[in-house]
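[1] I'd like to go over a predicted model; first the sequence, then the structure.
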Amino acid sequence: MKLIESLKWRYATKKFDAEKKVSDENIKLLEESIRLSASSYGVQPFKVLIITNQELRKELQPHSWGQSQIVDASHLFVFCSQLNFTDQQVDEYLALKSKIQKISINKFT
């Protein structure tokens, strides 16, 4: 499938087979896709937790409207968004990016 066609074909999964597991290779691919997702300046003001611990997922289920997907899916991806991103954090990120990429920080401003 071409990328756009793949993006058009999507739906929410209502039921998972708890016996089936997503392969480690596919989980790594999903992790890399998230890491490479577009964000302003590449700041990505979020963290992604991949939860496989079944006991923890059972604890989270009541906070997810009791949905069975929380415990039935082989992996639970929790996106944690940073709501307040300060100018100082942006400046620190750009300084680090400038240092790592060995380019002038002026290129970003």
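    Yes, it's here. Computed from a predicted model, the values in this text were never measured in an experiment.
[2] what's the neighbour count on the nearest residue to residue 27 once chain neighbours are set aside?
    What sits nearest to residue 27 in space, not counting adjacent residues and going by CB to CB, 6 or more residues apart in numbering, is residue 75, at 6.1 Å. C-beta here means a position set from N, CA and C on the backbone, and glycine is covered the same way. Residue 75 is flanked by 13 other residues according to other CB atoms under 10 Å.
[3] can you give me the helices for the chain?
    Taking DSSP state H as the test, the helices found in the chain are 3-8, 24-35, 54-60, 69-72, 87-101.
[4] out of the ones you listed, which is the most enclosed?
    helix 69-72 (a mean of 17; mean count of other CB atoms under 10 Å).
[5] what comes into contact with that one?
    Residues outside helix 69-72 that contact it (CB atoms under 8 Å, 6 or more residues apart in numbering): 13-18, 54, 57-58, 60-61, 64, 76.
[6] now that helix - C-alpha only, PDB.
    Only the C-alpha atoms of helix 69-72 are listed here, as PDB (Å, rounded to 0.1, in the frame of the first residue of the first chain):
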ATOM      1  CA  GLN A  69      -8.300  -3.300  25.100                       C
ATOM      2  CA  ILE A  70      -6.100  -2.000  28.000                       C
ATOM      3  CA  VAL A  71      -5.400  -5.500  29.200                       C
ATOM      4  CA  ASP A  72      -6.100  -7.600  26.100                       C
END
